[in-house]
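Asks: pasted the sequence and its predicted model underneath.
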There are 2 protein chains.
Amino acid sequence: ITEDNMEELRNQLLELHPYDQAKFFSKLSKVERTQIYHYFSPEEMALIFENIEIDETEYEEFLSEMHPSFVATMLSSMYADDAVDLLNELDKEQVASYLTIMEDGAAREIKDLLHYEEYTAGSIMTTEYIAIKEYQTVRSAMQILKAEAPRAESIYYVYVIDEDKRLAGVISLRDLIVTEDDTFISEIMYDRVMSVSVSEDQEEVARKMKDYNFLALPVVDFQNHLLGIITVDDIIDVMAEEASDDYSKLAGVSDMDGIDKGPLAAAKKRLPWLVILLFLGMLTASIIGRFEATLDQVAILAVFIPLIAGMAGNTGTQALAVAVRGIATGDVDKESRAKLILREAGTGVITGTSCGFLVIMVVYVWKGDIYLGILVGISILITLIVATLAGALVPLLMHKLNIDPAVASGPFITTINDLISILIYFGLATAFMHYLVQ
Amino acid sequence: ITEDNMEELRNQLLELHPYDQAKFFSKLSKVERTQIYHYFSPEEMALIFENIEIDETEYEEFLSEMHPSFVATMLSSMYADDAVDLLNELDKEQVASYLTIMEDGAAREIKDLLHYEEYTAGSIMTTEYIAIKEYQTVRSAMQILKAEAPRAESIYYVYVIDEDKRLAGVISLRDLIVTEDDTFISEIMYDRVMSVSVSEDQEEVARKMKDYNFLALPVVDFQNHLLGIITVDDIIDVMAEEASDDYSKLAGVSDMDGIDKGPLAAAKKRLPWLVILLFLGMLTASIIGRFEATLDQVAILAVFIPLIAGMAGNTGTQALAVAVRGIATGDVDKESRAKLILREAGTGVITGTSCGFLVIMVVYVWKGDIYLGILVGISILITLIVATLAGALVPLLMHKLNIDPAVASGPFITTINDLISILIYFGLATAFMHYLVQ
């Protein structure tokens, strides 16, 4: 970037899709960014910031490089929901100072949206929707639509409200287009309109949008007043975020976005988990320590420790994933909870019996000791039943206690199951010691 | 359901959203379903089957209950992509027989779509799009749009094609509505239209739709001929499917949809994994068997087996998840591959050193044996470095060999890392035996 080619670059950039502009912009140096602010209008920067994907700390950095009044104008030009997302990354003082110098209307809209709790419908909705009254005709509705189209975030549904701003119906643009101009809205509107409550969880909103194939959903308060809309593009982001979140939690990583981060940042995210698991592992070690007498007599017992602990971990992770996913998709509710537990118990019995028999045979052939085979096989049987049940019970219990069940990660349940399986294995070995020592 | 109230039920059902109709329908018994076929038209059933979520085997069952010509008419009324999804669940003979009795136009459209490979853009696209020519005016474009709206799957983008059906541009309905009627399409169309190739992976399509916030994307062949469109509602389903797939693979379950399945079905899905892991576990056991002499001399070594194996598994799962996710989102490509490996090595050194020191102290305090502490600590250090690297390398290698990296599940990498960690631990113990036996 030099001063000379700046005009040309500007024109080329503006021809790109805003997402590509944002990608380009986010890769620039501080000096280059300053030149961009100089040549781009706040409205053009608004488009870039609506599409940018950068780290939380970078928002503050980038904004501090611009003149405050430039930021204020940019925020006013952004869709309210995107402006709120951006402001949520800044500290409260900064937010307040930008809001003070913004024009009143936009500032008020943003202030209203800033109040909603994270991860609720309110936090992802926007107020730029199109609303009409039911006594209007299709013609006048289309006029409103044309006038508001440049500003509205979605024009593909038009919402019908009554005198008190209560949601009364919905019409799709598709229906408006194919209907005669003189038809009254009341005749063609769909009055059993599906809406979401402003405090509803964003995952629940995503589920509705997915099941019903809507492009936007109206958001209402408890008295059915229309507060805003949630558009499908925001829901896609929510879905991607939640999927990535569930996935990383299953793996015991607190946060995923880190390919471009250094090892120190990565270690910082993983160490807390590892240290907790280390102490749980120490607990398991101390349990084996209790059985030192048993071990001294039958040293070969040690050989099968990783096998039994490993199988417990594996089956537990499987059961955990099914339960967490079932809770997340809403398939597991109060009635089906008992059914799931019974099912998992049954699954544990079947997999445990199969693996148990296999182990008895393999150990017998390998070591020529049928008693050792039976001990390891029965340990596998009991372990698999208990570990499968634990994998399902822990997330169900957490869900009941209103803790996000995804927090019970794979490594966590694996380590817990290591402990349980060792107890079972050494417990059995000690109880039936006289068969093993001959 | 009785004969008497059937008319009433029919009217009530038809007032519901098709998704709710489908949910109701899928819960009926065979006798009740037969009554529904009797009272509903093929067109009404088409809406239900576009929205139904049932098991693969149920499609065949439900269709076999209807008269073949009823099925044919229903298939013709469905959006082509949904009809293809349904037909893909049936065997080839049945598909052929339905296609023979369908009207020619619809049958041809469906036949064309059936050819595309699963998980490609072609397999999820639909041919019901709206196309116009660039020499048309906004007025004539709107006329075409109104005429085709009832049939088109998405009317919110209109595609501009040349004489050879090559994709030349795109206009959104939003732009059409706010533009003067006499304007030529060529003046307002956007000619740098983003499209996807018919053979492109559906995950890649989903990524583009997410990044660029489109409601539909055109699908073209290698000569840029417009073949169809992919709408955002199908992409949402793809995203949900892929997320669930990645998640279940990380947990070592081949398939997730099973809350309402019995234990036998669940066990059938999990057993193959468990048996493979069992044999890997046996391999680990046989390695410890090789070190029986070491174990006999220092029985206390057995105490720390689950701790070391467990830590290796945990850190491996973390690294695995980051790598698999990075590959899936496209963040990890050829250039960043080496960077990721270096980063993971660094992360392993940091977490290994931290946990290693912690372990030395804890073991020393607990057992009062500094040499044992150092042995376990250094084993943890080396194990964590190797296991972290393995967690990252395995999916990268699989990706390079064109195997889906998600197949390297958490349990798999955990079991592999169990094995590696046992080798390291006992190898070190045997080498430095004289410090331990005093």
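Replies: Happy to help now that I have it. Nothing here was measured: the structure is a model prediction, and the numbers come from that model. Numbering: from 1, shown residues only, chains lettered A, B, ... in the order given.
Asks: now do the buried residues in the longest helix along chain A.
Replies: If you go by DSSP state H, chain A has its longest helix at helix A:334-367. Buried residues in helix A:334-367, counted by 16 or more other Cβ atoms under 10 Å in any protein chain shown: A:337, A:340, A:343-356, A:358-360, A:362-364, A:367. Heads up, the C-betas are built off the backbone N, CA and C, glycines and all.
Asks: name the residues of the helix or strand following it that are buried.
Replies: Downstream of helix A:334-367, the next assigned helix or strand under DSSP states H and E is helix A:370-400. Neighbour-count burial for helix A:370-400 flags A:371-396, A:398-399 (criterion: 16+ other Cβ under 10 Å).
Asks: now the residue nearest the centre of chain A, nearest residue through space, not along the chain?
Replies: Residue closest to the average C-alpha location in chain A (Cα atoms, centre = their mean): A:Glu242, at 1.5 Å. In space, and not counting its chain neighbours, A:Glu242 is closest to A:Glu203: 5.6 Å by Cβ to Cβ, 6 or more residues apart in numbering or on different chains.
Asks: so what touches the host helix or strand of the one you found?
Replies: According to DSSP H and E, A:Glu203 maps onto helix A:202-212. With contacts defined as Cβ atoms under 8 Å, 6 or more residues apart in numbering or on different chains, helix A:202-212 is touched by A:119-121, A:123-124, A:194, A:196, A:214, A:217, A:230, A:232, A:235, A:238-239, A:242, A:328-330, B:17, B:19, B:236-237, B:240.
Asks: and stretch A:357-372, by the same measure?
Replies: By Cβ under 8 Å, 6+ apart, stretch A:357-372 touches A:300, A:304, A:307, A:373-374, A:376-377, A:380, A:432, A:435-436, B:275, B:278, B:282, B:286.
Asks: and of these, the nearest to B:Ser248?
Replies: Lowest distance from B:Ser248 to the contacts of stretch A:357-372 (Cβ to Cβ) belongs to B:Val275, with 17.8 Å.
Asks: and that closest one, what is it in contact with?
Replies: Neighbours of B:Val275 in contact, by Cβ under 8 Å, 6+ apart: A:Ser354, A:Cys355, A:Leu358.
Asks: same thing but 10 Å
Replies: A:Thr351, A:Ser354, A:Cys355, A:Leu358 (Cβ atoms under 10 Å, 6 or more residues apart in numbering or on different chains).
Asks: how about the residues of the stretch 51-200 of chain A by chain B?
Replies: Within reach of chain B by Cβ under 10 Å from any Cβ of the partner chain, the stretch 51-200 of chain A has these residues: A:51, A:53, A:142, A:145-150, A:152, A:154-156, A:172-179, A:190, A:192, A:194.
Asks: now intersect those residues with the helices, please.
Replies: A:Asn51, A:Met142, A:Leu145, A:Lys146, A:Ala147, A:Glu148, A:Leu173, A:Arg174, A:Asp175, A:Leu176, A:Ile177, A:Val178.
Asks: what's the burial count for the fifth one?
Replies: Right, A:Ala147. 12 (other Cβ atoms under 10 Å in any protein chain shown).
Asks: pretty sure it is touching B:Val178, no?
Replies: Yes - assessed by Cβ atoms under 10 Å, A:Ala147 is found in contact with B:Val178 at 8.9 Å.
Asks: identify the spatial nearest neighbour of A:Glu44, chain neighbours not counted.
Replies: Counting by Cβ to Cβ, 6+ apart, the residue nearest A:Glu44 is A:Leu14, at 6.8 Å.
Asks: how far away is the one you found from A:Asp20?
Replies: A:Leu14 is 11 Å from A:Asp20, where distance means Cβ to Cβ, to the nearest Å.
Asks: ok, now A:Leu419?
Replies: For A:Leu419, the distance to A:Asp20 - Cβ to Cβ - is 52 Å.
Asks: who has more neighbours, those two?
Replies: Higher neighbour count among A:Leu419 and A:Asp20: A:Leu419, with 21 against 15, using other Cβ under 10 Å.
Asks: buried residues in the helix or strand containing the residue nearest to A:Glu44?
Replies: Remark: A:Leu14 resides in helix A:6-15, with elements defined by DSSP H and E. Under the neighbour-count criterion of 16+ other Cβ under 10 Å, helix A:6-15 has A:Leu9, A:Leu13 buried.
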